[in-house]
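J.: whatever this is, show me its structure:
(2 chains)
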Amino acid sequence: GNSVTQMEGPVTLSEEAFLTINCTYTATGYPSLFWYVQYPGEGLQLLLKATKADDKGSNKGFEATYRKETTSFHLEKGSVQVSDSAVYFCALKVQGAQKLVFGQGTRLTINP
Amino acid sequence: KAGVTQTPRYLIKTRGQQVTLSCSPISGHRSVSWYQQTPGQGLQFLFEYFSETQRNKGNFPGRFSGRQFSNSRSEMNVSTLELGDSALYLCASSLGSTGGVYGYTFGSGTRLTVV
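T.: Coordinates of the predicted model:
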C-alpha cells in the first residue's frame, strides 16, 4: 500500500542552524508530495508541494526536492528561526485517489 | 478570501451520545475531505466528498458518516460516541476534483473530547 515514513522526532535545534527532516515514501504510480506544518492549537498549513520527479517545492525558506530514484522528499531550511517551531508532516497523494496519506509527523523545537 | 471554517472549535460529549461537526470550504472549492488526528494513530483519512457524492471512505466503523450539501458545505456525524473517538477532526477543501495538483487547504479543526 501507500505509506510515508518520517524521521523520528522530536528534533531540537538552535536558532540559525541547518534543518533536515527526512521523508521517504512507498506508493503505486507517481504521487504528488507535500509538506504540511501544524502550529500549536491549529490545523495544517500547506508548506510546499511537488507533483513530479525532480520538482523542487519551496516556501518561506524551506525546500524539498521530489527524488523518484530514492523515493524521498526531504525538507530542508538553511537557517531556522524560533518561529519555525511546529510539527511537520510529509504526505503523498496518489493520482486518482482522493485522500492524503500522512507520515507520523516530526516535532521541531528551535531554541533561541 | 475566507479559509476553511470548522465549527465548533471545541466539543465535550458523553459516551453514547452523537455529534455533528460542520465544515465550510473555501468559496469555489467542491471537494471536502475529513481527517481524524490522534496522538496514537496520527492523521487518518475519514472520507471525501465532491459535488455531494462520497468518493472515498477510510477504514472507520459505520458510526462515522458524512454528507455534503449543494453549497459544498459538509457535515460529519459520529454516533454512539466512544472514548477513543476523542480527537482533533480536520476538514480540508480543494479546488479540483483530484486535489493533487491544487493541494488541500485545512481548517483549524474541531477538538472533540468524549468523557
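
J.: B:Phe47 and B:Arg67: what is the separation?
T.: Applying CB to CB, to the nearest Å, the value for B:Phe47 to B:Arg67 is 10 Å. C-beta here means a position set from N, CA and C on the backbone, and glycine is covered the same way.

J.: and the two? Which one has more around it.
T.: Between B:Phe47 and B:Arg67, counted using other CB atoms under 10 Å in any protein chain shown, the more crowded position is B:Phe47 (23 against 13).

J.: C-alpha coordinates for the strand or helix carrying the more buried one, CSV please?
T.: Using DSSP states H and E, B:Phe47 sits in strand B:42-50. The C-alpha trace of strand B:42-50 is given here as CSV (Å, rounded to 0.1, in the frame of the first residue of the first chain):
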residue,chain,number,x,y,z
GLY,B,42,-1.7,10.3,13.7
LEU,B,43,-3.7,11.6,10.8
GLN,B,44,-6.2,9.2,9.3
PHE,B,45,-8.5,9.8,6.3
LEU,B,46,-12.2,9.5,7.1
PHE,B,47,-14.0,10.4,3.8
GLU,B,48,-14.1,12.7,0.9
TYR,B,49,-17.0,14.4,-0.9
PHE,B,50,-17.1,16.0,-4.3
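
J.: pretty sure B:Gly84 sits in a strand.
T.: No - in this structure, B:Gly84 is helix, not part of a strand, as judged by DSSP: H, G, I helix; E, B strand; the rest coil.

J.: count of neighbours near it?
T.: Using other CB under 10 Å, B:Gly84 has 10 neighbouring residues.

J.: same check on A:Tyr39?
T.: The tally of other residues near A:Tyr39 (other CB under 10 Å) stands at 13.

J.: list the contacts for it?
T.: Applying CB atoms under 8 Å, 6 or more residues apart in numbering or on different chains to A:Tyr39 gives the contacts A:Gln45, A:Ala86.

J.: can you give me the strands in the chain?
T.: By default, I'm working from chain A. Counting by DSSP state E, chain A has strands at residues A:3-6, A:11-14, A:19-21, A:23-26, A:32-38, A:44-50, A:56-59, A:62-65, A:75-77, A:86-93, A:101-102, A:106-111.

J.: I was after chain B.
T.: Under the criterion DSSP E, chain B carries strands at the ranges B:5-7, B:10-13, B:19-24, B:31-38, B:42-50, B:53-57, B:64-68, B:74-78, B:87-94, B:105-106, B:110-114.

J.: with mean pLDDT and distance to A:Thr24 added, can I get those in TSV?
T.: As requested, those are exported to TSV (pLDDT from 0 to 100; distance: least, CB to CB, whole Å):
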stretch	mean pLDDT	distance to A:Thr24
strand B:5-7	97	31
strand B:10-13	97	36
strand B:19-24	98	31
strand B:31-38	95	21
strand B:42-50	94	16
strand B:53-57	91	24
strand B:64-68	97	30
strand B:74-78	98	31
strand B:87-94	95	23
strand B:105-106	92	23
strand B:110-114	98	31
